[in-house]
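Trainee: Structure of the sequence below:
(chains A, B, C and D)
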There are 4 protein chains.
Amino acid sequence: MSAANEESPILGSKQEPTGLTRLFLKYVRPPVGEFHAVALFVFVGVLSSTNADTLSVAVAHGLAIALLVAVYGGISGGHVNPAVTLGVVIGGGCEVFVGLLYIIFQLLGGVFGAALARMVLTVGYATTDNVTQVDLYEAIGGGVPQLADGVKAWNGVFVEAILTFILVLTVLMTEVDQQLSVAPLCIGFAVLVDIIVGGSITGAAMNPARSFGPALVAGIWTNEWIYWIGPILGALFAGGSYRAFLAKSEYRILFKDKSE
Amino acid sequence: MSAANEESPILGSKQEPTGLTRLFLKYVRPPVGEFHAVALFVFVGVLSSTNADTLSVAVAHGLAIALLVAVYGGISGGHVNPAVTLGVVIGGGCEVFVGLLYIIFQLLGGVFGAALARMVLTVGYATTDNVTQVDLYEAIGGGVPQLADGVKAWNGVFVEAILTFILVLTVLMTEVDQQLSVAPLCIGFAVLVDIIVGGSITGAAMNPARSFGPALVAGIWTNEWIYWIGPILGALFAGGSYRAFLAKSEYRILFKDKSE
Amino acid sequence: MSAANEESPILGSKQEPTGLTRLFLKYVRPPVGEFHAVALFVFVGVLSSTNADTLSVAVAHGLAIALLVAVYGGISGGHVNPAVTLGVVIGGGCEVFVGLLYIIFQLLGGVFGAALARMVLTVGYATTDNVTQVDLYEAIGGGVPQLADGVKAWNGVFVEAILTFILVLTVLMTEVDQQLSVAPLCIGFAVLVDIIVGGSITGAAMNPARSFGPALVAGIWTNEWIYWIGPILGALFAGGSYRAFLAKSEYRILFKDKSE
Amino acid sequence: MSAANEESPILGSKQEPTGLTRLFLKYVRPPVGEFHAVALFVFVGVLSSTNADTLSVAVAHGLAIALLVAVYGGISGGHVNPAVTLGVVIGGGCEVFVGLLYIIFQLLGGVFGAALARMVLTVGYATTDNVTQVDLYEAIGGGVPQLADGVKAWNGVFVEAILTFILVLTVLMTEVDQQLSVAPLCIGFAVLVDIIVGGSITGAAMNPARSFGPALVAGIWTNEWIYWIGPILGALFAGGSYRAFLAKSEYRILFKDKSE
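Mentor: Numbers count the residues shown, from 1 in each chain, chains lettered A, B, ... in the order given. Presented below is the predicted three-dimensional model:
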């Protein structure tokens, strides 16, 4: 992610590459990397939902994000999430155009990952006495996040917004701002903690690509809007707090000081 | 946290900023950061209590502290806990006046976080056949830490004191003293381990802001004093051991040696 | 693992050692280290299968890999897995001849570790009313990974391939390419996450030595081929993606640029 | 731990301190630090045994070791275990005399920690309808590690030896040899994994101070010898393998090469 702060985000090279290589490194490889990362994340996330206990689901999502941030950090910043991309763009760590490319490829990756997961859980099973081809996939509702029984829509938006705020803030402060060696772990922990906390309320998606892909593949659109509005609000608030208040002087708007 | 050792704790800048920016960076942003951090921690902590297993609750609190220490470490030192602030002040890593500001803002943050959690768990739910608006919040006793059945008050104080001692010692040794890159993880592990160990005895709050906020919001004050006296004793003992005995020469009182 | 990139992979020395020491450091100690590491991993893995919950099994395998990568990283690169060795050879981080030596010693290590685990679970128990000598070992099917009820063979191959892809990609990107200090943790997390995700489908072996050793010791060869073909396909795909697309310029084939 | 390699293990100072300060830093503070660390570890370990699931017990012991290694690493090397001290002495990372001091203080620390834990679980509880003063302490057998039903004595020794081998090897390779920033985490993971693996066979003590302290306080000496002989054998084997074969040239006996 740190790399995304620079004019040429992927390189850290002394000489600028030119022509096709520059296009490849700046506008091709990063979005394709985000496609990869989100496809793997959604595949893993949907399949992990076959575990009955929230803790296993939380650990699977959280540590998957930790390793994907580490793996793709040097390629694309390792956002793996349109809400994170939105927050990083606001925070000043990613160009608007690149951010738009990321979001498109992230959503496509989410669809691809969900389709693979559906295939694994349906036609990959023989119909036996115990298991029919569609049992597992239907049992987990296609891995689409849903509000728990009785949760009001505004409450779902509010919970998704706060949980996403924690996640995006962690990305901005540990990776973009301080570039800590343990940043990928902290970002993964944000997802892990958020799922323990919100899993039984909203499913704790915090990621429009995590909800959109499975929703499209399963054809389940109930409350999908909640999983867009909530994370977008959280990302706006995190990106804004960072820019106005929490960022180092280079990115900060308030009380900027040249001597700093 | 390391930054808190310096005269100008937040900067690491070569030139001192002046005037308003200096006030902002030294006396405004750090306490407000502590308000943020504690509000998020208490929100997460109270909601995590809806999980039945102690391990999930321990993981949620512990990894939340890990990421909050990493996120706010460069802003305020990332104490997230009045007992930690007390220990760091004694240990020499934070000015007394700044410490007092921190504690006030931490307590306010705890109230704010608990109020948000209450809202999420009550008016955010429709009354249905399965869930009534106040069921969840009452089922977890408002997330206020309580002594388990049969635990004597002095035993509660003693257990909270030892668990807080472990936490504050970890902050002082890994962050203030050695500034390890894995310090935020170790501090989170202290909370995680302490809750596995003491969760079934005292609830393992180790943090007056974690008990005060939920207590005020829920109006439950039984044994609240235990969650102040225990952590304060633990922090005094940890800060004192550090200062007298464990600190590097710069901070140590006993066997100080100029050649060191 | 990083060390494996160099001509003399184990040293990092300024002067080349000569004669026997060179042979020892390049062709003897690394393969023997892989034997050690796989023996410990398979021993731990088979015994961990006596835990009923998938999460414990996943944590045991994942964190064992994390520590073995850290322990043997400077000796052999810490592959602990023939599929990882294949991926690293393709990715350019290990010579073909050394890779072949590794795989032979890894398979022998797997057999040795499985034999020790069998001994512990059988003749190490007295026959009592509650436990007979063979109960535990038979109850876990000798620790040999198996397809869950109803999973088709091609689905098993596909799931093992994707899970191994994630693992090998993590090794290549975090260790070989970026040499992150948290690489051993990320590699362990890949195994941990993969087992939560695929444990209830294929057992999530992702490692021919993990399936071959226990299979030989238990004499259970059902579906053994799946645990070779799947991981080999995943490693080929990960190594190929890395070489063509994801690697830093030094190793990358496409859009190579001298200025980079 | 790294510090233990040097003539003056605690300092890393440019000038040698003299007289009393030198004695304090070399012969007083390190053993007293080991007393502290083991007391905290055994206190935490015994209390964690009130959790029914092996995973929680494993996480509590493992992450407690991780943080104690980080906290006391710069003071004493953070062995927290006589078997680790034995292995590090053999491996060349600690003087024999200092090692003997450590072991004495570790055993005393184990007794102190177990006594505190006993107090918390007995006289700290009022006798109620649900809980009597001695219920909890007796229910966990005083936290003394025991062989599971049917496990033969030699099997207990063997399992403790292999599990301790993994632990001591991790200390020697990640901390003493390579001084990795993630070494405390890896050492904690070794304990965590070992308990998941061996908890249902021997209790996975791997630490004579962890078995001796609780045994003395509870007066339960059954099989105590197993928890000495097993870990000692494991430490001898790990220290020997390290010295002969795995160590960097400076410590290695076989194929030593001046050019290295």
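
Trainee: So the residue in the stretch 101-250 of chain A positioned nearest to chain C versus chain D, what's the distance?
Mentor: Going by CB to the nearest CB, chain C is nearest to A:Gly124 of the stretch 101-250 of chain A, at 3.0 Å. In short, each C-beta sits where N, CA and C put it, glycine included. Going from A:Gly124 to chain D by CB to the nearest CB, to the nearest Å gives 30 Å.

Trainee: and if you look at A:Glu95?
Mentor: 33 Å.

Trainee: Repeat that for A:Ala58.
Mentor: 14 Å.

Trainee: Any part of whatever helix or strand that residue lives in near chain C?
Mentor: Using DSSP states H and E, A:Ala58 sits in helix A:54-76. Yes - contact of helix A:54-76 with chain C (CB under 8 Å from any CB of the partner chain) involves A:55-56, A:59-60, A:63-64, A:66-67, A:70-75.

Trainee: contacting residues around the residue in the stretch 101-250 of chain A that chain B sits nearest to?
Mentor: In the stretch 101-250 of chain A, the residue found nearest to chain B is A:Asn155; the distance is 3.0 Å by CB to the nearest CB. A:Asn155 is in contact with A:201, B:120, B:123-125, counting by CB atoms under 8 Å, 6 or more residues apart in numbering or on different chains.

Trainee: and stretch A:206-223, how far from the chain's centre?
Mentor: Counting by CA atoms, centre = their mean, to the nearest Å, stretch A:206-223 is centred 13 Å from the centre of its parent chain.

Trainee: For it, C-alpha coordinates in CSV please.
Mentor: Taking Å, rounded to 0.1, in the frame of the first residue of the first chain, the C-alpha atoms of stretch A:206-223 are listed here in CSV:
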residue,chain,number,x,y,z
MET,A,206,-17.5,-4.1,5.1
ASN,A,207,-16.7,-4.7,1.4
PRO,A,208,-19.1,-4.1,-1.5
ALA,A,209,-17.2,-6.6,-3.6
ARG,A,210,-17.7,-9.3,-0.9
SER,A,211,-21.5,-8.7,-1.0
PHE,A,212,-21.9,-7.9,-4.7
GLY,A,213,-20.1,-11.0,-6.2
PRO,A,214,-22.0,-13.6,-4.1
ALA,A,215,-25.3,-11.6,-4.6
LEU,A,216,-25.0,-11.7,-8.4
VAL,A,217,-24.0,-15.3,-8.5
ALA,A,218,-26.8,-16.4,-6.1
GLY,A,219,-29.3,-14.0,-7.4
ILE,A,220,-30.0,-12.7,-3.8
TRP,A,221,-30.4,-8.9,-3.7
THR,A,222,-32.2,-8.4,-0.4
ASN,A,223,-30.6,-5.6,1.5
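
Trainee: which parts of the stretch 151-260 of chain A sit against chain D?
Mentor: A:Ser181.

Trainee: Closest approach to chain D from the stretch 151-260 of chain A, which residue is it?
Mentor: For the stretch 151-260 of chain A, CB to the nearest CB, closest residue to chain D: A:Ser181, 7.1 Å.

Trainee: Please identify which of the residues of helix A:54-76 next to chain C is nearest to chain B.
Mentor: Here the nearest of the residues of helix A:54-76 next to chain C to chain B, counting by CB to the nearest CB, is A:Leu55; it sits at 4.8 Å.

Trainee: so that closest one touches A:Val193, yeah?
Mentor: No - using CB atoms under 8 Å, A:Leu55 is not in contact with A:Val193, being 11.3 Å away.

Trainee: Show me the common contact partners of those two, please.
Mentor: B:Val59.

Trainee: tilt between the helix holding A:Ala58 and helix C:54-76?
Mentor: Using axes from the mean of the first three to the mean of the last three CA atoms, to 10 degrees, the inter-axis angle of helix A:54-76 relative to helix C:54-76 is 40 degrees.

Trainee: before we move on, back to that, out of A:Leu55 and A:Val193, which sits in the more crowded spot?
Mentor: Legend: neighbour count by other CB atoms under 10 Å in any protein chain shown for A:Leu55 and A:Val193, higher for A:Val193 (32 against 22).

Trainee: and the helix or strand harbouring that one with helix D:183-198, angle?
Mentor: A:Val193 belongs to helix A:183-198 when assigned by DSSP H and E. Relative orientation of helix A:183-198 versus helix D:183-198 (the same axes, to 10 degrees): 50 degrees.

Trainee: could you give the angle of the helix or strand just after helix A:183-198 to helix A:54-76?
Mentor: Toward the C-terminus, helix A:183-198 is succeeded by helix A:208-218 as the next helix or strand (DSSP H and E). Between helix A:208-218 and helix A:54-76, the angle comes out at 110 degrees (the same axes, to 10 degrees).

Trainee: Counting by contacts, list what helix A:208-218 packs against.
Mentor: helix A:29-48, helix A:82-91, helix A:96-121, helix A:226-241 (3 or more CB pairs under 8 Å, 6 or more residues apart in numbering or on different chains; DSSP states H and E).

Trainee: so what's the one residue sitting closest to the centre of chain A closest to, chain neighbours aside?
Mentor: With distances taken as CA atoms, centre = their mean, A:Asn81 lies nearest the centre of chain A, 2.5 Å away. Spatial nearest neighbour of A:Asn81, chain neighbours left out: A:Asn207 (4.3 Å); criterion: CB to CB, 6 or more residues apart in numbering or on different chains.

Trainee: Could you do A:Arg118 as well?
Mentor: Closest to A:Arg118 by CB to CB, 6+ apart is A:Val217, at 5.3 Å.

Trainee: got it, and A:Val197?
Mentor: In space, A:Val197 is closest to B:Leu47, 4.6 Å off (CB to CB, 6+ apart).

Trainee: how near is the residue of the stretch 151-260 of chain A closest to chain D to A:Leu192?
Mentor: Remark: distance between A:Ser181 and A:Leu192 (CB to CB, to the nearest Å) = 19 Å.

Trainee: I figured A:Leu185 hits A:Leu67, correct?
Mentor: No - counting by CB under 8 Å, A:Leu185 sits too far from A:Leu67 to count as a contact (9.6 Å).

Trainee: Cool, thanks, talk later.
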